[in-house]
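> Kindly generate the corresponding structure for this input.
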Amino acid sequence: MALSDKNGISGPVNEALAEKIRARVNAECRLPCAVAFVIAAEENQEPLVIGQTADALGIRLTRCQLGLFGYPGHAKGWERLPADTPVAEELRAALWAAATEGAITCQALWELAAQFGVARLFVGYVADQSGLKVVSCQLGAF
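Predicted structure coming up:
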């Protein structure tokens with residue numbers, strides 16, 4: 001989704017928060033997802049506020065923790081995983097149980113990763129391989 005297509009912050013940008021974000025962008029002037037969540041925790045803010053503030057500043061998010069976007073060459077983060085990576089049927093079943101009409105939220109995937117003790121990137125991979133659409137990014141990226 002292009003920055004121009006998003007609903008941004010209504011009202012002025014919190015400059016203190018903006019400075020925290022600017023100070024943590026990477027060399028490409030992008031804000032990694034994991035760093036956005038660290039800022040949210042440090043500043044006692046909802047992750048969506050961090051994402052919206054980054055959008056207002058024209059800073060793009062990168063390196064989605066589910067592997068969905070922000071990797072070199074527009075690749076998915078999990079593309080380095082072997083194609084035959086084993087997946088527990090219990091995890092696949094839990095993904096479908098948490099899904100609605102073929103879609104599952106970012107937050108639900110994070111919760112399932114914690115429940116099954118696997119990396120978020122792996123859960124993103126399994127969701128993708130299962131044909132699920134990931135919706136409602138906690139940072140507002142999509």
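> Next, work out how far apart the most centrally placed residue in the chain and residue 51 are.
The residue at the geometric middle of the chain, judged as the C-alpha nearest the mean C-alpha position with Cα atoms, centre = their mean, is residue 64 (4.2 Å). When distances are taken as Cβ to Cβ, to the nearest Å, residue 64 and residue 51 turn out to be 11 Å apart. From N, CA and C alone the C-beta is placed, and that goes for glycine too.
> what touches both of these two?
Any residue near both residue 64 and residue 51 by Cβ atoms under 8 Å, 6 or more residues apart in numbering counts here, and that gives 137, 141.
> does the residue nearest to the centre of the chain really touch residue 70, like I thought?
Yes: the pair formed by residue 64 and residue 70 meets the contact definition of Cβ atoms under 8 Å, at 5.3 Å.
> Domains in this structure, by residue range?
Residue ranges for the domains of the chain, per automatic domain parsing: 3-63, 89-135.
> Take these and lay them out in TSV including mean neighbour count, distance to residue 142 and mean pLDDT.
Putting the domains of the chain into TSV (neighbours: other Cβ atoms under 10 Å; distance: least, Cβ to Cβ, whole Å; pLDDT from 0 to 100) gives the following:
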stretch	mean neighbour count	distance to residue 142	mean pLDDT
domain 3-63	16	9	90
domain 89-135	17	7	97
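> Kindly reformat these as CSV and extend each row with distance to residue 141.
Rendered in CSV, the data for the domains of the chain read as follows (distance: least, Cβ to Cβ, whole Å):
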stretch, distance to residue 141
domain 3-63, 5
domain 89-135, 9
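> Those: which one's closest to residue 81?
Ranking the domains of the chain by distance to residue 81, with Cβ to Cβ as the measure, places domain 89-135 first at 5.9 Å.
> Which strands and helices lie in contact with the host helix or strand of residue 127?
Residue 127 is part of helix 120-129, with elements assigned from DSSP states H and E. Packing contacts for helix 120-129, counted by 3 or more Cβ pairs under 8 Å, 6 or more residues apart in numbering; DSSP states H and E, involve helix 89-98, helix 106-116, strand 133-135.
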